[in-house]
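*Asks:* Quick one, fold the following:
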Amino acid sequence: MNSTDPTNRPSPLRDVAQSPEATARYLADVQRVLLEIGDNLELLARETRVHLRATHVDGDRWYHARLRAQPVEKALKAVQKNLDGLTQGLETTAYKRNEFADKVKKLPGERQQKALEKARKKNPQIQAARNYSPQGGRQDPGYGYSGPASIYDLGRNRESA
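*Replies:* A predicted model of the protein is given here:
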């Protein structure tokens, strides 16, 4: 094989990608790390807010420091929001990976059922229906599958009530 062949190189996440349980564990670990980072970002945002709003310059009015701090606070809030979306996406990905594995496991059975249904449609078993009679006995061969089709047919097999 060629040394530049991508299948020749060992991939560190190949085994993880092949197993839904390993994928879920890996994504849970990444999510745990991101949640810790999110906690640190919350603390950083709070401390930054306190520091920036307390920073006054000569000639400032009482709200100038707050106005100067808003873009920084907004940027930190956006990072936190993106991080929350990322952790939710990781959780969703783990569920979808398990769902995919379940579908793959069920697929041969579903295909077999479809093949059986297709075979039944091609070769219907009419003989079992021909012997059936609602009165319990055998029917006349020319009479059909069911009882009288209309009120005009009642004269042939009329039973008293």
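
*Asks:* lowest confidence element among the helices and strands of this structure?
*Replies:* Ranked by mean pLDDT, DSSP states H and E, the weakest helix or strand in the chain is helix 126-130, scoring a mean of 54.

*Asks:* Quickly find the element holding the residue nearest the centre of the chain.
*Replies:* Nearest to the mean C-alpha position of the chain, counting by CA atoms, centre = their mean, stands residue 96 at 4.6 Å. Assigned by DSSP states H and E, residue 96 belongs to helix 64-122.

*Asks:* Distance-wise, check the residue nearest to the centre of the chain relative to residue 106.
*Replies:* Here residue 96 is placed at a distance of 16 Å from residue 106 (CB to CB, to the nearest Å). Heads up, the C-betas are built off the backbone N, CA and C, glycines and all.

*Asks:* next one: residue 34
*Replies:* Distance from residue 34 to residue 106, by CB to CB: 32 Å.

*Asks:* returning to that earlier point: now the helix holding residue 96, how far from the chain's geometric center?
*Replies:* 7 Å (CA atoms, centre = their mean, to the nearest Å).

*Asks:* pLDDT of it, averaged?
*Replies:* Regarding helix 64-122, the rounded mean pLDDT is 94.

*Asks:* which secondary structure elements does that helix contact?
*Replies:* Judged by 3 or more CB pairs under 8 Å, 6 or more residues apart in numbering; DSSP states H and E, helix 64-122 is in contact with helix 20-54.

*Asks:* Run the angle between the helix it packs on and helix 64-122 for me.
*Replies:* 160 degrees (axes from the mean of the first three to the mean of the last three CA atoms, to 10 degrees).

*Asks:* tell me the average confidence for helix 20-54?
*Replies:* On average, helix 20-54 scores 95.

*Asks:* list the helices and strands that helix packs on?
*Replies:* Applying 3+ CB pairs under 8 Å, 6+ apart, we find helix 20-54 packed against helix 14-18, helix 64-122.

*Asks:* Residue 34 and residue 106: who's more crowded?
*Replies:* Per other CB atoms under 10 Å, whichever of residue 34 and residue 106 has more neighbours is residue 34, with 16 against 10.

*Asks:* my guess is that one meets residue 85, correct?
*Replies:* No. Applying CB atoms under 8 Å as the test, residue 34 and residue 85 come out as separate, 10.6 Å apart.

*Asks:* any common contacting residues for those two?
*Replies:* Jointly contacting residue 34 and residue 85 under the rule CB atoms under 8 Å, 6 or more residues apart in numbering is no residue at all.
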